[in-house]
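Visitor: Need coordinates for the below:
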Amino acid sequence: MSTANVRSDLVNQLKEVQDWGQNQANHWEQKRGELTRTIAQTKKDIAQLRRHLTELEAQEVDLEAQVNKREAEIVHRMREAIRTGLESAAQTLHTRDLLLQKQRKIRQSRIESVLQEPKFQEKIAEYRQFQETKEQLSQLPSSYRQAILQHHNAVKQELEPIFMAADQPLPKADNTPKCVGIIASIEPDFLQPEAMAVLIPVPFSIYTEPNAGEDTLQQVLAYRCVGAITSALRKIGLQEVSFNFGEYKGFLSVQVWLQGKKLNGDIRQSLSLEFQQMRDYTAELQSVRLSMEITWLDPELLDDAVSDEDTSGNDLHAEEGE
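Guide: Okay, the predicted model is just below:
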């Protein structure tokens, strides 16, 4: 080999550096291209994700609107259920009131049939005569008065079948048992409530236009409910409360102002127990096989129709609750 073709170590070393530099340039140029393509794809993906996010956010807004619409629809349907439930209960009370009149006539017929028995006619006349003249007994001599009283007691004893017939409870009907719903609401909470309302499915006119004759089933239910409410409140420490009577869709609303007093028991349980007592021991309800069921609802469900015009602050509960 000619010495002219031999390269020095310096040149060789520089050549190696140049070759390495070119390789590095090619390598990083390739990497830069890959990174540029990746960035471009990522930007494209981000733009697509942003479009998707915008779509999702629009769906979220629509979903919230649907949720609010659903909640409003639930409130609307609940109020409709309240209205139809009260109307259904009112119809049941009307039908069972007709049945009550029938049961009263059956009992009256039994009494009259006993009264018509010949063996009682003379005794009845004597009994009536005694009732008309008993105030004059004090003017008679003691021995004569004693004889009349003894005779009257004997007559009374002979008329015992009539008294027993009159004291007999109303006969029970064979009809299918029915239950009417009564709505109760309290605010702000059950621990120290400010006010309570109880909606009874009877016409408000029962309060404004009381019937002077024999009580209808609707009147019996209204009076008994007021008494049950009063008794329930007394048992949990509320002796002095104010009752008002308002109108809800034509029905009677018993409104009780509780003044935020701390209760000595559960007002729901106390009221439920009193209503059970009313169901089990009210002759008219037993006769027509009618019971009640209390449902507690949020006051807001009743806000659309509760009348603010409390026609009176009379404490009817004072006499009905005794």
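
Visitor: distance of Gln18 from Arg32?
Guide: Distance, Gln18 to Arg32, by C-beta to C-beta, to the nearest Å: 21 Å. Using the backbone N, CA and C atoms, a C-beta is placed for each residue, glycine as well.

Visitor: What about the residue lying closest to Leu271 once chain neighbours are set aside, how many residues nearby?
Guide: Nearest residue to Leu271 in three dimensions, chain neighbours excluded: Ala232, at 4.3 Å (C-beta to C-beta, 6 or more residues apart in numbering). Per other C-beta atoms under 10 Å, the neighbour tally for Ala232 reads 22.

Visitor: Look up which helix or strand Ala232 falls in, please.
Guide: Assigned by DSSP states H and E, Ala232 falls within helix 217-235.

Visitor: Just the buried residues of the next helix or strand after that helix, please?
Guide: Downstream of helix 217-235, the next assigned helix or strand under DSSP H and E is strand 242-248. Judged by neighbour count (16 or more other C-beta atoms under 10 Å), strand 242-248 contains these buried residues: 243-248.

Visitor: Check which helices and strands strand 242-248 sits against.
Guide: Using 3 or more C-beta pairs under 8 Å, 6 or more residues apart in numbering; DSSP states H and E, the elements in contact with strand 242-248 are strand 251-257.

Visitor: got the angle between the strand it packs on and helix 217-235?
Guide: Orientation of strand 251-257 against helix 217-235 (axes from the mean of the first three to the mean of the last three C-alpha atoms, to 10 degrees) gives an angle of 10 degrees.

Visitor: Tell me how far Ala58 lies from Ala65.
Guide: Computed as C-beta to C-beta, the Ala58 to Ala65 distance reads 11 Å.

Visitor: follow-up on the earlier one: and of the buried residues of strand 242-248, the nearest to His27?
Guide: Closest approach between the buried residues of strand 242-248 and His27, by C-beta to C-beta: Tyr248, at 85.8 Å.

Visitor: is the closest one in a bridge, and if so with what?
Guide: Phe251, Val306 (DSSP bridges).

Visitor: Go ahead and confirm it touches Val198.
Guide: No. Here Tyr248 lies out of contact with Val198, judged by C-beta atoms under 8 Å, at a distance of 10.3 Å.
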